[in-house]
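Asker: For reference, the sequence and a predicted model appear below.
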Amino acid sequence: MNTVRRRAARSAAAFAAAAVLCVAAVPSMAFGAPADDASAAGGRAPAAPPVKLPTGMYGTGDPTYDGVWRQSLAMLAQRAVNVMPADSAVNWLLGQQCDSGAFPAYRPDPTKPCDAKTVVDTNSTAAAVQMLAALTTHPDAMNNGISWLASAQNKDGGWGYSAGAPSDANSTALVIGALAAGGAPVGKRLSTEGRSPYQALMSFAIPCDAKEGAGAFAYQPDKSGALLPNADATAAALLGGVGKRMVTTGVEPGAAPVCQDLHPRTPERAARNGAAYLAKALARTGHLDQPPMPGAADSAPLPDHGNTADAVVALTTAGYGKQAAGAMKWLEKNSAAWAKENGPAAYAQLIFAAHTTSTDPREFGGTDLVKALNATGPAPKWIGPKPLTTAEQQKVLADQKEERSSMSGNLWTIAVGLVAALAIWAVFVVRARRRRS
């Protein structure tokens, strides 16, 4: 299951749990026609009516489980490539926010105030906060979102998908990114028991001497308390462990990551152990695979485009771009159909990967990701000139430094020349005075 669908699945699970608790109910018609309708159609259920989307939304699919998520990622990706989203897109996102500062996955009627039946979640809120931070024009909405996230922090320092749910690596890492984007001191955001988000994140890290998944992160402990490796959680935790958000830039590649259990173990050390796991996983086939579905253990694994893109971002951000280069080439060659099928959030994930690795998203394996993303929503407010890649920015800075050095040398030469000229002039003046006297 790719990342885009996994987010929707998590939201679906939250909604289902809420329905059991009589907090909210998901209409059965949202998933197709009842059995009686299928029988009337000769055993084939009629097609579900198309979902009427509000003005300003990205994508055409049912937004029930991923509306705010895909909206936030789409606009984050646009800002990364110097595109300003339409006002209608921004206003739609702002309209989803509850007075508490939290965001639900989607609420179809934003004119009705949020109440106990409105199922809000940390993932949607963290993504929206990161988007608002990138936009910079709605600080109150951003800060309200951060305040709600702070109120939803668990005693162990982390966050679950919903307020009060057990902490998981993905949600905790997403909130860390939101806090970092909003300028909040992540390490000082302590829980009621004095634990930090980083401490919670490290609790999901698998030791380097483990027989399976050494260095990886688990999503959550299983029923027995064991930590099982999860590539999605590892990529998210790697970003969170180094205090980064979803949209970030790569750093100069260094040595290959090595798993090391140092004591005391720091969040960054745990994150770099996760990098060692991801690098080894990518080296096998050039991409990550989807976990096998129940009952399909013998079937060939399917590539996981979304998690591969997330792994590229995480590795490159941590300084392991060499280990991500092969996966990036694989994405350029193989992800066009996947992105087209999955829509705005998928295009955004690929743009994040391109942005981090200084790859041109407008020429991504023959696809213009920016144009394709823009076409899924309202026309952008404006499209600026193509931003410089990280490599181009570094070259500009180097040229400027060389120019300053050259100018400094020229000024020094001119200054020395002026001093010499003044000295010669002074000698002539002194001699002239002596002759007159």
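Answerer: Good, I have the coordinates.
Asker: residues near P380, how many?
Answerer: Counted by other Cβ atoms under 10 Å, the residues lying close to P380 total 17. Where you see a C-beta, it was placed from the backbone N, CA and C, and this is true even at glycine.
Asker: Find the nearest non-adjacent residue to it, please.
Answerer: V83 (4.9 Å; Cβ to Cβ, 6 or more residues apart in numbering).
Asker: L227 too?
Answerer: A218 (3.9 Å).
Asker: Report pLDDT for that neighbour.
Answerer: We have a pLDDT of 98 for A218.
Asker: That one and N230 touch, don't they?
Answerer: Yes - A218 is within contact range of N230, at 5.6 Å (criterion: Cβ atoms under 8 Å).
Asker: any residues in contact with both of these two?
Answerer: A169 (Cβ atoms under 8 Å, 6 or more residues apart in numbering).
Asker: any low-confidence regions in the stretch 151-300 of the chain?
Answerer: 294-298 (pLDDT under 70).
Asker: rerun at 90
Answerer: By pLDDT under 90, the low-scoring segments of the stretch 151-300 of the chain are 183-190, 192, 242-254, 262-265, 291-300.
Asker: center of this protein, which residue is that?
Answerer: With distances taken as Cα atoms, centre = their mean, M246 lies nearest the centre of the chain, 2.0 Å away.
Asker: and it, which of the three is it?
Answerer: coil (DSSP: H, G, I helix; E, B strand; the rest coil).
Asker: for it, what are its contacts?
Answerer: Contact partners of M246, counting by Cβ under 8 Å, 6+ apart, are L73, L76, A127, Q130, G177, L239, V313, F352.
Asker: Thought L238 was touching A270, still the case?
Answerer: No - assessed by Cβ under 8 Å, A270 is found out of contact with L238, at 9.1 Å.
Asker: Tell me which of these two has more neighbours.
Answerer: Shown here are A270 and L238; by other Cβ under 10 Å, L238 has more neighbours (32 against 25).
Asker: Including neighbour count, could the contacts of M246 go into a markdown table?
Answerer: Shown next, in a markdown table, are those (neighbours: other Cβ atoms under 10 Å):
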| residue | neighbour count |
| --- | --- |
| L73 | 28 |
| L76 | 26 |
| A127 | 30 |
| Q130 | 27 |
| G177 | 25 |
| L239 | 26 |
| V313 | 27 |
| F352 | 23 |
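Asker: Looking at those residues, which are in helices?
Answerer: Taking DSSP state H, the ones among the contacts of M246 that sit in helices are L73, L76, A127, Q130, G177, L239, V313, F352.
Asker: what about the residue lying closest to the third one once chain neighbours are set aside, how many residues close to it?
Answerer: This means A127. Nearest residue to A127, sequence neighbours excluded (Cβ to Cβ, 6+ apart): S72, at 3.9 Å. Applying other Cβ under 10 Å, we find 30 residues neighbouring S72.
Asker: The one 5 residues further on too?
Answerer: The tally of other residues near A77 (other Cβ under 10 Å) stands at 30.
Asker: ok, it touching L373?
Answerer: Yes - assessed by Cβ under 8 Å, A77 is found in contact with L373 at 6.0 Å.
Asker: anything in contact with each of the two?
Answerer: The contact lists of A77 and L373 share Y347, A348, I351, where a contact means Cβ under 8 Å, 6+ apart.
Asker: which one of those residues has the most neighbours?
Answerer: In terms of neighbour count, Y347 stands highest of these at 31 neighbours, by other Cβ under 10 Å.
Asker: Identify the residue spatially nearest to it, adjacent ones excluded.
Answerer: L373 (4.1 Å).
Asker: In three-state terms, label the one you found for me.
Answerer: L373 - assigned by three-state DSSP - is helix.
Asker: Spit out the contact partners of it.
Answerer: Here L373 is in contact with Y58, A74, A77, Q78, P344, Y347, A348, I351 (Cβ under 8 Å, 6+ apart).
Asker: From P229, how far out is it?
Answerer: 31 Å (Cβ to Cβ, to the nearest Å).
Asker: what's the answer for C259, then?
Answerer: 12 Å.
Asker: which of these two has more neighbours?
Answerer: Shown here are C259 and P229; by other Cβ under 10 Å, C259 has more neighbours (22 against 19).
Asker: Quick check: the more buried one vs E193, distance?
Answerer: 29 Å.
Asker: before we move on, what about P264?
Answerer: For P264, the distance to E193 equals 19 Å [Cβ to Cβ].
Asker: One more: A236?
Answerer: 23 Å.
Asker: again with F364
Answerer: 46 Å.
Asker: And K381, by the same measure?
Answerer: With Cβ to Cβ as the criterion, K381 and E193 are 45 Å apart.
Asker: And these two? Which one has more around it.
Answerer: K381 (14 against 9).
Asker: Quickly list what the closest residue to that one other than its chain neighbours is bridged to.
Answerer: In this structure, K381 finds its nearest non-sequential neighbour in M84, 4.3 Å apart by Cβ to Cβ, 6+ apart. With DSSP bridges as the criterion, M84 is bridged to W382.
Asker: residues touching M84, list them.
Answerer: Q78, P380, K381, W382, I383, G384.
Asker: Dump those residues to CSV, plus distance to G182.
Answerer: Below are the contacts of M84 laid out as CSV (distance: Cβ to Cβ, whole Å):
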residue, distance to G182
Q78, 19
P380, 24
K381, 23
W382, 25
I383, 26
G384, 24
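Asker: Quick check: of these, which lies closest to V186?
Answerer: Q78 (25.7 Å; Cβ to Cβ).
Asker: any idea of the mean pLDDT for the helix or strand harbouring that closest one?
Answerer: In the assignment (DSSP states H and E), Q78 maps to helix 67-80. Mean per-residue pLDDT for helix 67-80: 98.
Asker: just stretch 420-436 next, same as before
Answerer: 67.
Asker: Now for C259 and P229: what residues contact both?
Answerer: Common neighbours of C259 and P229 (Cβ under 8 Å, 6+ apart) are Y277.
Asker: Overlap of the contact sets of A270 and L238?
Answerer: F217.
Asker: how about the strands of this protein, start to end?
Answerer: Counting by DSSP state E, one finds strands in the chain at the ranges 83-84, 103-104, 120-121, 382-383.
Asker: Give me the contacts around the third one.
Answerer: When contacts are taken as Cβ under 8 Å, 6+ apart, the neighbours of strand 120-121 outside the stretch itself are 11, 14, 98, 100, 102-105, 114, 148, 161-163.
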